[in-house]
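Student: Below is the sequence, then the predicted model.
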Amino acid sequence: MKVLVVGKNAYLAEGVETHFKDFEIDTVRRANEVENWGKYDAVVNFCIQPEHFSRLLSEDEMIDVEIAKELAPQTRFVFMSSRKVYGSDTKLKVYKETDALKPFDAYSKNKVNVERTLQDMLEDRLLILRISNIIGLPPKRNSPTFVSWLASEVSAKGKVTVTADPRAKKDFITKDYFQETLSALIAKNVQGVVNVGSNFAYTTEDLLKKLVPQEMLEFEPKEEKGEQFILNCEKLHQFVPALSKNAFETMCQRIREDITQTAMVRQKILSQGRV
């Protein structure tokens, strides 16, 4: 099977080749670098334009729709959607693929609009992944990810100031699990909408204590009640094993070690500056 990955510099695409060993894989930064769309069995897009977060896009501006128009009749497409399409609630909700969509900001509204447009265009050649929060080692380059934020806070200030509700529970997965899942779903020719989550949740406080040494954490919550959610992944688990808490916490420990190293480098630089 020949698979094209568009957006090879995206955080979720970093290292994807490790989990795509059963495929012949090509990676490009942008869709306009592709010369022959017809040779691919499946296309995965990780590109997203900055405007996606701030305003509603027209169909002509949607990168995924632009790519879908180029696909050969036999080519399947994987769209990276978001758990945010289900809405935002301070009560702990467990969302299923069949639940009503309640987008609440420009990002989630654009995701819903792209989902619907692609469903009309591609029908049974489309796989939509509604993805939970993802953690992994800090990326090699600047990236608007949760772990990148933690690392940059420690690097700049030596601590992380948390203003979110520490009691709020959220669903998280590891980047490795996401990439393994993506590979398996493509190999098994899965179509339709699939939640990609852990099916369990950690509070903000419990998760951060696993990721950052406690002496570097400072809780100053401004939220009385934070957003909470879990993704129901019964459909996903028909095709791939569930993420184990042991695997998740092993990744947390690796991130903690990386962030601790960042703190040590910062301290060394400060010490040299005082000499």
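Tutor: That came in fine, so what should we check first?
Student: Give me the contacts around the helix or strand containing Leu150.
Tutor: Leu150 belongs to helix 146-157 when assigned by DSSP states H and E. Contacts with helix 146-157, where a contact means C-beta atoms under 8 Å, 6 or more residues apart in numbering, come from 11, 133-139, 142, 159-161, 208, 211-212, 216, 255, 258-259, 262-263, 265-266. Every C-beta, even on glycine, is put in place using the N, C-alpha and C of the backbone.
Student: Buried residues, that helix. List them.
Tutor: 146-147, 150-151, 153-154 (16 or more other C-beta atoms under 10 Å).
Student: do the same with stretch 228-237
Tutor: Here stretch 228-237 shows 228-233, 235-236 as buried, counting by 16+ other C-beta under 10 Å.
Student: Spit out the contact partners of Lys235.
Tutor: 97, 194-195.
Student: now swap in Ala247 and tell me
Tutor: So Ala247 contacts 174, 176-177 (C-beta under 8 Å, 6+ apart).
Student: Show me those that map onto helices.
Tutor: 176-177 (DSSP state H).
Student: returning to that earlier point: and which of the contacts of Lys235 is nearest to Lys245?
Tutor: Among the contacts of Lys235, Asn195 lies closest to Lys245 (C-beta to C-beta), at 18.1 Å.
Student: Mind checking what secondary structure that closest one has?
Tutor: strand (DSSP: H, G, I helix; E, B strand; the rest coil).
Student: so what's it bridging to?
Tutor: Counting by DSSP bridges, Asn195 forms beta bridges with Arg130.
Student: thought it was touching Leu231?
Tutor: Yes: Asn195 is in contact with Leu231 according to C-beta atoms under 8 Å; the separation is 4.2 Å.
Student: Now the common contact residues for the two.
Tutor: Counting by C-beta under 8 Å, 6+ apart, the residues touching both Asn195 and Leu231 are 83, 95, 130, 132.
Student: Mark which of the residues you listed are buried, thanks.
Tutor: For the shared contacts of Asn195 and Leu231, buried by 16+ other C-beta under 10 Å: 83, 95, 130, 132.
Student: As JSON lines, the shared contacts of Asn195 and Leu231 with pLDDT, distance to Arg55 and secondary structure would be great.
Tutor: Output for the shared contacts of Asn195 and Leu231, formatted as JSON lines (pLDDT from 0 to 100; distance: C-beta to C-beta, whole Å; DSSP: H, G, I helix; E, B strand; the rest coil):
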{"residue": "Arg83", "pLDDT": "97", "distance to Arg55": "21", "secondary structure": "helix"}
{"residue": "Tyr95", "pLDDT": "97", "distance to Arg55": "25", "secondary structure": "strand"}
{"residue": "Arg130", "pLDDT": "98", "distance to Arg55": "22", "secondary structure": "strand"}
{"residue": "Ser132", "pLDDT": "96", "distance to Arg55": "25", "secondary structure": "coil"}
